[in-house]
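Undergrad: starting from these lines, generate the structure:
(one chain, ligands or ions: 1)
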Amino acid sequence: MLDHVLDRRADDRRDRRRLAQHRADLKARVLVVDPDGMFASEPVGTSGPLLPEESGEVFLGVGPSGPWFARRGEVHGGTSLREASGLSSEQHQVVMAATAILAWHDTEPRCERCHGQTVPVDGGFSRRCLDCGRLVFPRTDPAMIVAVVDEDDRLLLGHQLTWPTGRASLLAGFTEAGESVEAAVVREVGEESQLQVTALRYLVSQPWPFPRSLMLAFVARASGEPVADGVELEWVRWFGRSDYERALGSGIVLPPGPGSVARRVIEAWRAGRLPSPEDQPLI
Ligand SMILES: [Zn+2]
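TA: The predicted structure follows:
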């Protein structure tokens, strides 16, 4: 899905004149996000400081509808990103970027060298140490999510202990220090289901800024009877397509949230559109 419509304009972040121009643009909007992830957009308005560093706003870039800024604030009657559906590509990318960068500023990271206080610079996409001048950048944690299918194209779904009753989704987990994402797929599937992955293939990625994950989605092959670990997963089992449709229809099983990559991958499996894990990449 190569519809990257939010042009982040990294050069403009460091250019006070262009930042001021974007903010003065009549089409400029600010996405207000509260700490719970509820959001709503409003016109930037003409009052207040002009530069993001001074206003606490972050310059996100320019989309088809105009320049976008983001800031923390109170949101009344907004939408939650976790459950949002029907967002345009522009809205989705703006909300993801805003949620991630604002969560990072909330932590007010200290300087990595001298632990000094840092302040936002570069349109809000980095922070500078007031003591030694070092720049601090946002970090992203790679995580993987995997559609495990068996030789009959059944899909492996699990239910986490912390989820609402019935919710079932793909297995997922974080990569560990010094570990490839492919190795994390094999390890997590083994830990959570006792199944051995025999082939895997990368599908697509999606930022998941709660607070700073990047989900890398795979399809993988495994066979045998899964066993839930009882720690993270309460249950894990294979679903054939008709089996899954029946469980969905009766409400016994609930799908993942509409904005999630898990939902997208499961929809692809339902439609028979997942590639084979055995189709290996070129290298
Ligand atoms: Zn420092």
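
Undergrad: could you list the domains of this protein?
TA: Split into domains by automatic domain parsing, the chain comes to 10-106, 141-270.

Undergrad: pick out the residue of the stretch 151-283 of the chain closest to the ion.
TA: R212 (21.6 Å; Cβ to the ion). To be clear about C-beta, it is placed using only N, CA and C from the backbone, and glycine gets the same treatment.

Undergrad: what sits up against stretch 226-241?
TA: Applying Cβ atoms under 8 Å, 6 or more residues apart in numbering, the set of residues contacting stretch 226-241 from outside is 150, 152-161, 168, 171, 191-195, 247, 253, 269-270.

Undergrad: would you put the C-alpha positions of it in CSV?
TA: The C-alpha trace of stretch 226-241 is given here as CSV (Å, rounded to 0.1, in the frame of the first residue of the first chain):
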residue,chain,number,x,y,z
PRO,A,226,-0.9,-25.6,19.3
VAL,A,227,-0.7,-25.3,23.0
ALA,A,228,-1.3,-21.9,24.7
ASP,A,229,1.5,-20.7,27.1
GLY,A,230,-1.1,-19.8,29.7
VAL,A,231,0.9,-16.7,30.5
GLU,A,232,0.3,-14.4,27.6
LEU,A,233,-2.3,-16.5,25.7
GLU,A,234,-5.3,-18.0,27.3
TRP,A,235,-6.1,-20.1,24.3
VAL,A,236,-4.7,-20.6,20.8
ARG,A,237,-6.3,-22.7,18.0
TRP,A,238,-6.6,-23.2,14.2
PHE,A,239,-9.5,-21.8,12.3
GLY,A,240,-10.6,-22.9,8.9
ARG,A,241,-12.4,-20.2,6.9
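
Undergrad: excluding residues flanking it in the chain, which one is nearest the most centrally placed residue in the chain?
TA: Among the residues of the chain, the one closest to the centroid is W208, at 1.5 Å (Cα atoms, centre = their mean). Of all residues not flanking W208 in the chain, M215 sits nearest, at 4.9 Å (Cβ to Cβ, 6 or more residues apart in numbering).

Undergrad: of the contacts of stretch 226-241, buried ones?
TA: Buried by 16 or more other Cβ atoms under 10 Å: 150, 154-160, 168, 171, 192-193, 195, 247, 253, 269, out of the contacts of stretch 226-241.
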